[in-house]
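>>> Structure here, sequence nowhere to be found:
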């Protein structure tokens, strides 16, 4: 009799466990879906991943106040012809400095034009256009209503992302979390027109 009761209790426990698993989507064709749709925990996890990726790729945490507002790096990117200073930073120069370009942010027509050689990769104007597309990995441009750069910021991705070179060397799909081992940080900083704050802070010329 006792054995029968134990068997009944065990069976009831197993049945309850299976019911809970089905209800919460652990057992539902292996998809993680609850009986009424997507498991809310999985859906929330997906949203958090997307949010974190967006922060990692595009959030400067306000550092444009330094890179643009203090050092004036955006002026060096534009060059004198576009209202900045110096020769400007073309895509060829940016790639030579180790910066990367996210090919997935480039419109198909523009990508075809680049492949066909109809886009001047030696023109800083092209770099500005890439910044408007959020295509320069780890570098975020801030623009005036007139379309000119008013500042530039740096995100986590500038050092901690690279690309797979699937389009061209330095241009391809992002590889987030991979170190950018080609990045010449010193040369990028040295391009800024106002280095006095760094000279004063570091006590160097």
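Yes, it's here. Predicted, not measured: the structure shown is a model, and the values here were computed from it.
>>> For the rest of this, base every contact and every neighbour count on C-alpha atoms.
Fine.
>>> Helices along this structure, start to end?
2-23, 40-58, 64-67, 73-78, 91-96, 108-115, 124-132, 157-160, 185-190, 196-202 (DSSP state H).
>>> need the ones you listed in TSV with mean neighbour count and mean pLDDT, can you?
Formatted as TSV, the helices of the chain follow (neighbours: other C-alpha atoms under 10 Å; pLDDT from 0 to 100):
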stretch	mean neighbour count	mean pLDDT
helix 2-23	12	48
helix 40-58	13	93
helix 64-67	18	96
helix 73-78	26	96
helix 91-96	18	97
helix 108-115	13	94
helix 124-132	21	97
helix 157-160	22	97
helix 185-190	13	93
helix 196-202	11	89
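>>> Tell me which of those lies nearest to residue 178.
helix 157-160 (5.5 Å; C-alpha to C-alpha).
>>> who does that closest one touch, helix- and strand-wise?
helix 40-58 (3 or more C-alpha pairs under 8 Å, 6 or more residues apart in numbering; DSSP states H and E).
>>> what's the spacing between the helix it packs on and its chain's center?
Relative to the centre of its chain, helix 40-58 is centred 13 Å away, using C-alpha atoms, centre = their mean, to the nearest Å.
>>> And stretch 113-127, by the same measure?
With C-alpha atoms, centre = their mean, you get 22 Å for stretch 113-127.
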